[in-house]
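Visitor: below are the sequence and a predicted model for it; my questions follow.
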Amino acid sequence: MTDSPRQVAQRPGGRTARVRAQILDATVRLVARHGIAGFRYEEVAELAGVHKMSVYRNWPDRDLLVGEALLVLAEEMAPLADTGDLRRDLVDFLVAMATSLADPRGRALVHALQSTPDSPEVRRTVDVVIARRVSLVRRRVDSAVGHGELPPVDAHFLADLLSGPVHLKVGRDQRPFDRADAERITDVVLAGVRATASA
């Protein structure tokens with residue numbers, strides 16, 4: 001017995017899921033290119049290779065579309081593992097962050113995080129993205145403190161110290177960033193945190 005078109009469309013990983021993924025990816029690319037306020041449904045549909053009604057039907061409000069696209073992107077970017085080796089985890093985190101920032105989709109997220117959009121929906125999404133990233137770093141820092149790898153430290157402050165140089169080098173200066181850069185940043189920051197705590 002063959003599946004009906006409706007059953008196929010609703011199946012996870014089926015056509016509906018692919019179309020949604022194409023639309024969300026196109027949205028992020030257009031935000032990177034034009035900013036949050038500078039793109040139209042027609043452009044999203046064209047870049048995604050779908051009919052514009054597919055966009056309207058799934059996201060009747062443009063800000064909902066932008067919000068979901070940015071949230072999905074943030075979930076994919078720069079994971080922070082807990083392998084038991086804090087230095088390696090932070091180095092991997094910075095390398096992944098630099099790779100994301102060098103990608104058009106990553107630039108879209110940075111643009112959204114750095115802007116102050118008028119849309120309450122996009123603003124809420126940005127707040128959620130920031131809160132999740134801080135929570136991610138806080139969990140890893142708390143684990144490191146608990147295992148004696150690190151003295152007590154403000155996780156948000158530590159994240160700023162680590163990510164700031166990456167944003168400057170890749171985002172603003174658009175210079176290559178490699179693992180050696182990530183290692184130098186991580187070593188300097190961790191040494192500074194430990195020296196300050198023992199002073």
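Guide: Perfect, I can see it now.
Visitor: and residue 111, what element?
Guide: helix 104-114 (DSSP states H and E).
Visitor: what about that helix, distance to the chain center?
Guide: Helix 104-114 sits 8 Å away from the centroid of its parent chain (Cα atoms, centre = their mean, to the nearest Å).
Visitor: same deal with stretch 44-64?
Guide: Put simply, stretch 44-64 sits 22 Å off its chain's centre (Cα atoms, centre = their mean).
Visitor: returning to what we had before: what is the helix holding residue 111 packed up against?
Guide: Counting by 3 or more Cβ pairs under 8 Å, 6 or more residues apart in numbering; DSSP states H and E, the packing neighbours recorded for helix 104-114 are helix 15-34, helix 62-76, helix 86-101, helix 120-146. Placement of C-beta: from N, CA and C, glycine included.
Visitor: send me it as PDB with only the CA atoms.
Guide: Extracted as PDB, the C-alpha positions of helix 104-114 are listed here (Å, rounded to 0.1, in the frame of the first residue of the first chain):
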ATOM      1  CA  PRO A 104      27.100  34.000   5.700                       C
ATOM      2  CA  ARG A 105      24.600  32.300   8.100                       C
ATOM      3  CA  GLY A 106      26.800  33.100  11.100                       C
ATOM      4  CA  ARG A 107      27.000  36.700  10.000                       C
ATOM      5  CA  ALA A 108      23.200  36.800  10.000                       C
ATOM      6  CA  LEU A 109      23.100  35.700  13.600                       C
ATOM      7  CA  VAL A 110      25.700  38.200  14.600                       C
ATOM      8  CA  HIS A 111      23.800  41.000  12.800                       C
ATOM      9  CA  ALA A 112      20.700  40.000  14.700                       C
ATOM     10  CA  LEU A 113      22.400  39.800  18.100                       C
ATOM     11  CA  GLN A 114      24.100  43.200  17.600                       C
END
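Visitor: still on that earlier bit, now render the helices and strands packed on helix 104-114 as CSV, adding distance to residue 170 and mean neighbour count.
Guide: Putting these into CSV (distance: least, Cβ to Cβ, whole Å; neighbours: other Cβ atoms under 10 Å) gives the following:
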stretch, distance to residue 170, mean neighbour count
helix 15-34, 14, 19
helix 62-76, 16, 20
helix 86-101, 4, 20
helix 120-146, 17, 16
